[in-house]
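1. after the sequence you'll find the predicted model.
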Amino acid sequence: MKRPSPAVNGLLLALMVMAASLAWIFTPTHFLADKLPPLKLKEVVPNKFGDWRELTTGPAQIVDPSSQTLIDAIYTDTLSRTYINSEGYRIMLSIAYGRDQRDSLQLHQPEVCYPAQGFQLLSKERIDLQLTDNIIGSTRIATRLGNRHEPVTYWTVVGESVFRGGINKKMTEMQYAMKGYIPDGMLFRVSSIDENTQRAYAHQERFARDIIDSINPTSRARFAGLPQASTDGKTN
């Protein structure tokens, strides 16, 4: 077998040194969460806004995304509430926040969590959700467990950017890494027990718009991303 020439060996060595140098340069060392104001979900998310108020009585029906041990390991803070409006319609809110969004500690998606709890995944669609001052990429899934039909709307945020899909998440993480930061992340999920899936989605969209609008503007980007620029250079 012919041995590589000294020139080839030198080139390979140079490439390995370059790869190692780039890996060292782009390895983030600071948490983005330490740069931003502390985020305490129970304090930032209001229990009453618009036509909605927190329902503090009755049995809890919110699907637990994972075991408590795993929740404690992955998430820095979580919030689960049920809200009701003047019509008596109920929306379940679940927010999971983690200050470290590297691969081993990344947020768990509902289309994985619900089947893990025994739910059947009936459908999944990606949508552009119109909030008060932003359009964000979101996902809707319809689930069922026995007689319980539970449509779900959710989105995920890394830092101050909403992402949809693994590639977008990696790109966002790389952008932060190039600045030396490990981004935080949030999964924002709303659902309702309703056999009429389209009615549920309509209520969930109104609820999402109202609750994001009620959050202090200084914290809003961490819940729903920064406003996107339109083609004319203005923000939506």
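-> Done, it's in. Residues are numbered from 1 along each chain as shown.
2. average pLDDT for the helix or strand containing R206?
-> In this structure, R206 sits in helix 197-214 according to DSSP states H and E. pLDDT averaged over helix 197-214 equals 96, rounded to a whole number.
3. quick one: list the elements packing against the helix or strand just after it.
-> Under the assignment DSSP H and E, the closest C-terminal helix or strand after helix 197-214 is helix 217-224. Here helix 217-224 is seen to pack against strand 148-158, strand 185-191, helix 197-214 when contacts are counted using 3 or more C-beta pairs under 8 Å, 6 or more residues apart in numbering; DSSP states H and E. Bear in mind the C-beta positions are built from the backbone N, C-alpha and C, glycine included.
4. quick one: secondary structure of the closest residue to T218 other than its chain neighbours?
-> Nearest in space to T218, with sequence neighbours left out and distances taken as C-beta to C-beta, 6 or more residues apart in numbering, is P37 at 7.0 Å. The three-state label for P37, taken from DSSP: H, G, I helix; E, B strand; the rest coil, comes out as coil.
5. okay, now P37: neighbour count?
-> Neighbour count of P37, defined by other C-beta atoms under 10 Å: 11.
6. now do D100
-> Other residues near D100 come to 17 when the count uses other C-beta under 10 Å.
7. wasn't it part of a helix?
-> No. Inclusion of D100 in a helix is not indicated when three-state DSSP is applied; the result is coil.
8. verify the contact between it and Y176 for me.
-> No. Using C-beta atoms under 8 Å as the test, D100 is too far from Y176 to be in contact (11.8 Å).
9. anything in contact with each of these two?
-> Here D100 and Y176 share the contacting residues I182, scored by C-beta atoms under 8 Å, 6 or more residues apart in numbering.
10. make JSON lines from the helices and strands packed on helix 217-224 and add mean neighbour count to it.
-> Compiled in JSON lines, those are given as follows (neighbours: other C-beta atoms under 10 Å):
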{"stretch": "strand 148-158", "mean neighbour count": "23"}
{"stretch": "strand 185-191", "mean neighbour count": "24"}
{"stretch": "helix 197-214", "mean neighbour count": "18"}
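11. closest to S138 out of the ones you listed?
-> If you check each of the helices and strands packed on helix 217-224 against S138 by C-beta to C-beta, strand 148-158 wins as the nearest, at 4.3 Å.
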